[in-house]
Every structure is written in C-alpha cells, then in structure tokens.
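# Here is my input; please provide its structure:
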Amino acid sequence: MAGAGGPGAASALSALSASCPSRGSSTPRAVGRAERTPRYTLGLLQTPRSSDSTGGSSGGAARPGNSSGEGLAPGLAAGSSGAKAAVSDRGESYFGDKSSCIENANTLNLTTSSSVRGLNSTCIGKTPLSSSRSVCRSHTPLMGYSVTSSSAVSAHSVASVIVAVVEGRGLARGEVGMASIDLKNPEMILSQFADNTTYAKVITKLKILTPLEIIMSNTACDAGNTTKLFSLITEHFKNVTFTTVQRKYFNETKGLEYIEQLCASEFSTVFMEVQSKYYCLAAASALLKYVEFIQNSVYAPKSLKVRFQGSEKTAMIDSSSAQNLELVINNRDSRNGHTLFGILNYTKTPGGSRRLRSNILEPLVDAETINMRLDCVQELLQDEELFFGLQAVISKFLDTEQLLSVLVQIPKQDTAALRSCNTQLLKAYYNSLEDTRFGIMLEKITTVINDDTRYTKGCLSMRTQKCYAVKPNINEFLDVARRTYTEIIDDIAGMITQLAEKYNLPLKTSFSSARGFFIQMNADCSMLPNGQLPSEFTKITKMKNTYSFTSADLIKMNERCQESLREIYHMTYLIVCKLLSEIYEHIHCLYKLSDIVSMLDMLLSFAHACTLSDYVRPEFTDTLAIKQGWHPILEKIAVEKPVANNTYLTEGNNFVIITGPNMSGKSTYLKQIALCQIMAQIGSYVPAEYCSFRIAEQIFTRIGMDDDIETNASTFTKEMKEITYIVQNANDKSLIIIDELGRGTSAEEGIGICYATCEYLLNLKAFTLFATHFLELCHMDALYPNVENYHFEVQHVRSSAGNKEKIAYTYTLSKGYTEEKNYGLKAAEVSSLPSSVILDAKEITNHIAKQILHRQKSTPEMMKQRAAYHLAMRLVQTARNSRLDPDSLRIYLKGLKKKYEASCPAPGKNDEQQ
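Numbers count the residues shown, from 1 in each chain. From the prediction side, this is the model:
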C-alpha cells in the first residue's frame, strides 16, 4: 500500500518541527534593565553580569589569582587595568565596574543580562577558571542564551577546556569545524571533518576533549529553531556550560589572522594545513575572542601551540594535495565535473553526494570497514535485481533533512529490496530498517496525514497539498475552514466564468504566489472592443499577446481566501505539532535511516561507476602493486583510453625515482597513483587489471610550479613550505607524491635539496614516488637498496622533411632511469628558437656535463648486497601475503633463487682461488 503523507506535508512538518521548542531549551528573555534599551551596545556574547555596584555580589565564589596575573593560563599577557579587576583578590567581576565596562565596550561591543531560575535578579558572571560558578540560566535577546547545569559545578574544578563548534549551512551542512583550547595549557587544537546526521564524530571528539564549556553560534541555538547538532550535544553533555555568540564572530578570515599572530614558530606548518579549512578557522576566531573576553587578557604573540587533528579512522589529505589531485574541484574550471568526485558521483540524493565528497577528502584507514564496503559493491554488481531495486528506492528519497516525509512516502514493501542480500553490511542495513519504531511512527502519521499527499511543483498545487494534508474528521474547525476555502475558490472560478460570458472574452483563472488569483487572457487587440479592456478590470499588464489583470471583486475574494488559509494553516500547525510531540520519542531512528540511505546511495554510485569502466576490486596488503592501472579522470575526458602502467612499492622498495622528458606523463602518472589509493580507501573499485594497496594514513603531494600570489610566496618559497610540511608530518604509513622539487632555484641547490629530502623520506619507510629532471638522483640506488629507478620511454621520429628529429611520447613506464640526454634541448629544437642558439646551448651543456657530472659506479660487493636485500624483501612479502599452493610456491622460490644468482656479479680470480 502507498505510504501516507507526501513531501508537501512533510516539508511543512520539517519546518514545524524546527519551530517547536526542543527539550531543555527555553525562550531567550532579558530581565530588569535589559528589557529596555540597553545602556551598553549589545554584541559578542552572553555572559552573566553583576549588578551596578562596583563590588561583587552573591552568586559565586572568588576567582583564584591576584592582581599580578597569577592564575592566568601560560602565554596569556595581562591586558588593561580591567584585567586586574578580573583576577582581583576580592573576586570582583570585571563588569561590576561601570566605567570599565563602558571602556571595554568600545572594543568588544559587549553587553549581557541574565535571569536566575526565572527570577528577576542578576548574578555575578565568573570565568570558567572560577573555583565555583553560580548556577544560572542566562539570556540575551540578540545573543541567544547560555545554559549551565547544576551538576556542572564540581566539574569546573578540574576541567579547563573550552570548545567552539560551528557547522556549515545549506549544502555544506554536516561539515563541522571545531577549535578547543585548554586554559591551563597554551595549546589550541583545530578539527574539521564531515559528519552524518548522527554526529557521531562530533560527540566522540567532544568526549575526548571533556570540555568545561562549549561555544556555538546563536543561530544554531535560537529557541524554537535549534539545530540537530545543538540538540544532540546538549543531550550528551548535560553537565557542560553552553554559551552562544553572534554568528559574525565565527569569521574564518579573523581566525587565520589569529593563528598567524599567535602560533609559535615551531608549529607554523599548521598554517598550510588549515588555510582552507574554513569552519575550524571560524571556530578558532570565536573561541579566541571569547577567551580574551572571559580572561580579560590576550595571548602573547607566537605563544600558542596550534595543532590540526582530522577525524578519527580517516586518512589526512591536506588542502594543497586535494587541490593538486583535483579531488572535488577542477583547477581550470571550478564548474567542471572532471574531478574524482565528478567521475564517481552517480548519487541520487543530496545526502549521498555529501557523503561521497566527505569520503574522498577523508578516506578510511580501517581495512575491515573498507572491505565491508567492497563486499557490498561486489554484491551490487553481481545481483542486477538488487542493484536496480535499490536504485529505485533510493531515488524516492529527497534529502536527509526531509526524512520524515520520505518515511511516510515510501511503501513498506520497498525494504524487500534488501531482503535477499548476503553481505554483512547490507544485512545490517536491512535489520535496521526492520526497526519497530518505523511502524509506530508510520501508524501515527497515517492516522493524521492524508495518504495521497505528495510533493508537487507549483505554488497553487503546494498550497492545495498543505491545506488538505491533514485527514478530515480530525478537527471539526479545520473541516469547516477547508469547506469555506473550497467555496471561495469555487466562487472565484464562477465569477471569472461569468465575466468571460459577460464580455465575450476568453478569460481564464490564473494564480501566482505574489498576486494570488488573477485573470489571464490570450488574445489580440483586435478582439477587444475599441482595442481596450473593460473598465472593470484593473492592474493590467501585457506580455506579448497575453493580458493579466484583476478586478475589485476578485481582490476582495483573494483577501477572504488568505484569511481562510491563515486559519487552515494555523489549525494544521497545531495538529502537526501534536503529532510531532507524539512521535518525537521514536524519531531518533530516522538519524540511522538517513545514514543508511546516504551510505547505500554512495555504494550504488560506486557500483554504477564500475559498470561504465573496467574497474577491479582492490586488495589490502603491505604492498602497493597496480597492474596496468590508468588515470580515472583522464579516461573520462580523453578520446582514447589512457596508457596503462604498472606500479610496485614494498617495504623493501619504498622509494621510486621517476625520470623522463617534459610532457612524457610523469605528473599524470603520479596523480593516478594517489587517486587510485583514495578510490581504494573509500571502498570503490579501481581502474586497473589488478591492484593491491597498503593503507595510507596520510597522503601528501608536492606538485606544480606556481607562485602563491595570495601569500606573496615565490615558486621556491612555496616549494619549501610544502616540503617542510611533508617532512614534519609524514610517517611510515604515508603515501608521498613529489613532482620536480627544487626547480625554483639553481641546479646545484636544487639537487642538494632533492638529495637531502630523498634521504630523509626513504629512511622514513613511507611509500614515496619522486619525479625529477635531476639525473644525479638516479644513482642513489647504488647507496640505498630500497630505491628503484623508473623512466617514461620516448621515441625519436624524423620529420617528413628528414632534417629534424622530434620526440614521440609513448607514456609507457619502464624500469631504470632515462638514457635520454638533453631532452630539453630536443624539445627546444621543435620550437621556433634560432638554430644558432640551439647549437650554442648544446656546446655549453656538454662542457658543463664533463666538468660536474660524475657517474658513480656500483662495486661488485655493493651489487651483491643489493641483490641479497631484494631477495630478503621478496621472501618477507611472500611469507606475509602468498596464497600459492605448495607446488606453485616451490617453483616461485626457485625462480627467486635463480634471479638472485643472476643478479650477483661473477666471482673474480681471487674469489675462485679462495
């Protein structure tokens, strides 16, 4: 049977549920003097305030510390004379002194008011470092409100962490930024991550931080319109103080300025990591402004330790790498869909699209979870009935924000699409959808909401759906109001019909949200008597051959219609509010449902992408091995399929140096490896014939030769900032992609920087692919057995005239370093550069090469050690990951032995005599 209550009613339900007072909230209200025009300008935040007397009053114990600043957090520099009042021996509030308050209002634009348990009295506002804090519920009309639980008093004696939380709006909803600071320790931790409607990551993060106080925007906490995030946080942290600040103080630009000013030099690389993390920067701005206020002091420049922490169980991809790899935004055209997100996004719902985007930016690092996703994708590919059945169901969902309407709209039997599934994750989803609370809510909703209510386009259709969303016989007054509304509509139609007969004109009834009902006519002027409309018609407009107008009687009928609508909407609102109150205790299962819908949508998108290309399921081992892999984005935009190449990195061969001429495919190949790694870790199939990946906890890239105009950084300065960030943050589980480092300075310095960087990274055991034009680096394999050389092959083709030779690119990766010499000069020959200049360049290049190029040759002993190292690494990999049967394993081991013997140099005469 069809479900009841369509989106027409449901969109109203969503709006009405947001308007209903949430549990634990109260309407902001000022008391005493604040009910009139405030004496001081209203601004940043809402904090309990003392009475007008200069001394303190009852309501809290004195704050520890003295006038010298004792008791302040390390790194805090005392501010003006008001700072002494804030930490005086008497414990007087800074705002107890009117002159000080007026003086400070010029800079912070502050004013506050409060009520204690609903009584018209005021209380002293203590800072979070107070030995005790008065228990009060405070409100400021333009600021939202602040809530302190009575059980929080004891916690204040030990907790000292303040956290600011902000969530994106619109399409960015679910993207959460957090900033926390310990008042006893000058360290600020920034976080930004994408979360689902359960906000599990936010709750987990806050539980780890154990905050004393949580700061949020007043727009998220407005009484009657609280966000889901605020409601969940208040539910999980009942003993924590909540304070609201105006939205304008969540300013990412100010946050970035604060970090530049306050972050200690040793931690300055965090600037690169967060410069495009707008929400955590916004949270940092509000947090630091608030701390300055409550402490009445400022942090000294370069005194804060600032760290960025991503969400747990996800890989970290910095903003520069995300931009270089074009994960979600195309570098040439932001509206272009040629990104990793674009080629994988076949989602049907906004929630699925948001989940896909967040997963690409934060891939998983838990192999078990990834394999569960891959199992689902595999089953979807193997079971067409399941695939198309789920697609049909998912496409009926609008948005996770409208799940109540979707629950009503989707027939019960649609859950049968998951009944025949075999994978563990899909079975878990099916069991979740069997939750009895869905049936309880559905029964309550179908009792009240009409079965044929649907989301429709057009303002008149939507008005009709809203008017008749509630079933008849629920409320007698509503039934009477709707009959009145119907009669008015019939009267309007009848009146326009009479006017058409009276004037013999082709009149018809039309409707718009701005004008209400009006008359429309499609006719030439020749049809009108004297070329004019009758004088009875007013407000005439003409567009081509269409006339639009109204009449005095029609205007009056529209007014009656609006009055009737207001009555209907009001009574419908009351009925829906009552319905919401009845189902509220069961509504939390919808959060799980929204999570399931977005996850299934993303998995279906992965499966859809696989049907359009020859992707393969990845494996997860200790090896990065890709057989005939290709660039997934290039495949979508190229006329022909991209050239496929192999990749192999292990713990014993973790550093690959790639050489080759310009435009031979080095940069594309490097990006391809990173994109395939990300695709594997989000649970997608990968463009290759076979692939195995080691889980990467961090993915770093250093690609490009552009200046950074915004930060006034030259090419070399930008290179050094990016490579410093990689060196300071990489670990043995990182995947590092570096393309042409050191080209922003002289050749000698560039080689030196590259060599030192390579030595550091290859000893780190991170998987590193390093593309370079410095052939001197290729000889590192003689010193370090875990270094491998690869190059992109090119062919030399004579022109049709036969007098010039040009390079033909094969885009094929081969082992060893390139034997091409002076390929830059060969590329220059194709250009219009004068031949005399080319000849001079060749002579100078050869002269320099003879002077500075020293080829280092491997000794027989070094070659033998290298062969032994590679044999040992192969044996370790075989022991860890081999799935061969005994006979095949024996043959493979014999092959390794022969390869080892062939790699060892032949013994000399001295060796034979021995």
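# Poorly predicted segments of the stretch 651-800 of the chain, please.
704-714, 799-800 (pLDDT under 70).
# mind listing the helices in it by residue range?
Per DSSP state H, counting those that start in this stretch, the stretch 651-800 of the chain carries helices over the ranges 666-681, 715-729, 747-764.
# before we move on, which element is residue 352 in?
helix 350-361 (DSSP states H and E).
# other SSEs contacting that helix?
strand 185-194, helix 340-344, helix 589-611 (3 or more C-beta pairs under 8 Å, 6 or more residues apart in numbering; DSSP states H and E). In this view, the C-beta of every residue, glycine as well, is placed from N, C-alpha and C.
# and these as a markdown table, adding mean neighbour count?
Below are the helices and strands packed on helix 350-361 laid out as a markdown table (neighbours: other C-beta atoms under 10 Å):
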| stretch | mean neighbour count |
| --- | --- |
| strand 185-194 | 22 |
| helix 340-344 | 21 |
| helix 589-611 | 22 |
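# now for these, which one comes closest to residue 228?
helix 589-611 (8.0 Å; C-beta to C-beta).
# can you give me the mean pLDDT across stretch 532-551?
Averaged across stretch 532-551, the pLDDT comes to 86.
# Quick one: end-to-end distance for it.
Stretch 532-551 has an end-to-end distance of 15 Å (criterion: C-alpha to C-alpha, to the nearest Å).
# neighbouring contacts of the helix holding residue 352?
For helix 350-361, contacts defined as C-beta atoms under 8 Å, 6 or more residues apart in numbering pick out 171, 173-175, 193-194, 196-197, 317, 322, 327-328, 340-341, 344-345, 347, 394, 397-400, 594, 597-602, 604-605, 678, 682-683.
# re earlier: out of the helices of the stretch 651-800 of the chain, which is closest to residue 208?
helix 715-729 (20.5 Å).
# re earlier: so what angle separates the directions of the helix holding residue 352 and helix 589-611?
Per axes from the mean of the first three to the mean of the last three C-alpha atoms, to 10 degrees, the angle that helix 350-361 makes with helix 589-611 is 70 degrees.
# Using CSV, write out every CA atom in whichever helix or strand comes after helix 350-361.
As assigned by DSSP H and E, the chain's next helix or strand after helix 350-361 is helix 367-382. Output of helix 367-382 as CSV, limited to C-alpha atoms (Å, rounded to 0.1, in the frame of the first residue of the first chain):
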residue,chain,number,x,y,z
ALA,A,367,40.8,-2.2,6.2
GLU,A,368,37.9,-4.1,7.7
THR,A,369,35.4,-1.3,7.1
ILE,A,370,36.7,-0.8,3.6
ASN,A,371,36.4,-4.5,2.7
MET,A,372,32.8,-4.4,4.0
ARG,A,373,32.0,-1.6,1.6
LEU,A,374,33.8,-3.5,-1.2
ASP,A,375,31.7,-6.6,-0.4
CYS,A,376,28.6,-4.5,-0.9
VAL,A,377,29.7,-3.1,-4.2
GLN,A,378,30.6,-6.6,-5.4
GLU,A,379,27.2,-7.9,-4.5
LEU,A,380,25.5,-5.0,-6.2
LEU,A,381,27.5,-5.7,-9.3
GLN,A,382,26.6,-9.4,-9.3
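# For helix 367-382, name the packing helices and strands.
Using 3+ C-beta pairs under 8 Å, 6+ apart: helix 367-382 touches helix 384-394, helix 424-433, helix 589-611, strand 619-620.
# packing partners for the shortest one?
In this structure, strand 619-620 packs against helix 367-382, strand 690-693, with contacts taken as 3+ C-beta pairs under 8 Å, 6+ apart.
# how far does it sit from the chain's center?
How far strand 619-620 lies from its chain's middle: 26 Å, per C-alpha atoms, centre = their mean, to the nearest Å.
# which neighbours does that strand have in its sheet, and in what orientation?
Note on strand 619-620: by DSSP bridges, its sheet partners are strand 690-693 (parallel).
# Please state the offset of the partner strand from the chain centre?
27 Å.
# residues of it that come out buried?
691, 692, 693 (16 or more other C-beta atoms under 10 Å).
# between the residues you listed, which is nearest residue 216?
When the buried residues of strand 690-693 are compared against residue 216 (criterion: C-beta to C-beta), the nearest one is residue 693, at 39.2 Å.
# For burial, what's the neighbour tally of the residue nearest to the closest one when sequence neighbours are not counted?
Using C-beta to C-beta, 6 or more residues apart in numbering and skipping the chain neighbours, the partner closest in space to residue 693 is residue 680 (4.7 Å). The number of residues packed near residue 680 is 28, by other C-beta atoms under 10 Å.
# residue contacts, residue 680?
Residue 680 makes contacts with 370, 618, 620, 686, 691, 693, as judged by C-beta under 8 Å, 6+ apart.
# quick one: it from residue 836, how far?
Using C-beta to C-beta, to the nearest Å, residue 680 is found at 53 Å from residue 836.
# next one: residue 309
Taken as C-beta to C-beta, the span from residue 309 to residue 836 is 59 Å.
# Please identify which of those two sits among more neighbours.
residue 309 (16 against 8).
# Now do the contacts for the more buried one.
189, 190, 191.
# and the longest helix for the chain?
When the chain is parsed with DSSP state H, its longest helix is helix 552-583.
# Tell me which other helices or strands that helix touches.
Going by 3+ C-beta pairs under 8 Å, 6+ apart, helix 552-583 lies up against helix 7-19, helix 436-448, helix 459-467, helix 476-503, strand 516-522.
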